[in-house]
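Predicted structure and sequence below. I'll ask about it afterward.
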Amino acid sequence: MRDDERKRRYDEDPDDEFEGLFKDIEEDDFYDDPVEDDDEERIEDIEAQLKRLFGSEGSSELEERAARADSGRELEVHVTGVYERIEHGQPRALLVQLRDNYGRTVPIVIGPFEAHAIATALNDETPPRPMTHDLTRNILTRLGVSIDRVLIDDLWQGTFYAKIYLLHGDEEIEVDSRPSDAIALALRFRAPIYMAESVLEAEGQPDEF
């Protein structure tokens, strides 16, 4: 249909213009092309190639693979406090409690000296003379070394393991550490603390508060 004829029909009755529009589409056969056998074969060939590339696992296997990938994640946690645990039939224990952004808490048993070092850092207290963790911070600072982050990355037979990541210029240095010492130093450097998702899944408890 030519443009001048469209305009004339629209001036006479605007509704007729839409009817004519759909009629023109049908007449132009925009949607009348059948799916050829060659197209179906190409689609099947593409699907076969995708299966060869990505495997043909079922959805359950893919979900398990995704879960294993998630277990390698590292999530930031925050120190919520140091407290003493007293339970009937159990020896007294000092714990530092860590909490992630999803409300899961992980208590870690620590010694009295480390508990004091963490508590003083949380309260921004400065001892009259530098204690061990304060001395360590002063030495690292004088040497131009800072703490980039701390990672609690493993749990084996009830024992937590951690790493401290130091920065010296452009060089990153990984140091094995007890979680209590790593936390005490991270707080003094105001460095973030991370925990592996696998550890959170194993020991994480829902926060009651």
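Great, that's in hand.

Give me the below-cutoff pLDDT ranges for this structure.
Counting by pLDDT under 70, the chain shows low-confidence ranges at 1-39, 47-72, 208-209.

Quickly list the domain ranges of it.
Taking automatic domain parsing as the reference, the chain has its domains at 3-68, 72-206.

Can you tell me which of the ones you listed is packed in deepest?
Sort the domains of the chain by mean neighbour count, taking mean count of other C-beta atoms under 10 Å, and domain 72-206 sits at the top with a mean of 16. In short, each C-beta sits where N, CA and C put it, glycine included.

residue ranges of the helices in this protein, please?
Applying DSSP state H to the chain gives helices spanning 3-12, 14-28, 37-54, 59-70, 112-122, 132-142, 179-189, 197-203.

So what touches the fifth one?
With C-beta atoms under 8 Å, 6 or more residues apart in numbering as the contact definition, helix 112-122 has outside contacts at 79, 81-82, 94, 96, 110, 126-127, 131-133, 178, 180-181, 183-184, 187-188.

try 10 Å
Helix 112-122 has contacts (C-beta atoms under 10 Å, 6 or more residues apart in numbering) with 79-84, 93-96, 108-111, 125-127, 131-134, 137, 178-181, 183-190.

How about the last one?
Applying C-beta under 10 Å, 6+ apart, the set of residues contacting helix 197-203 from outside is 67-75, 77, 98, 100, 102, 104-108, 151-155, 158, 160-161, 179, 195-196, 204.

For Tyr165, see how far away Met195 is.
Using C-beta to C-beta, to the nearest Å, Met195 is found at 14 Å from Tyr165.

Quick check: phi and psi at Gly169.
Phi and psi for Gly169, reported as degrees, to the nearest 10, are phi 70, psi -120.

Name the nearest residue to it, ignoring sequence neighbours.
Of all residues not flanking Gly169 in the chain, Gly144 sits nearest, at 7.3 Å (C-beta to C-beta, 6 or more residues apart in numbering).
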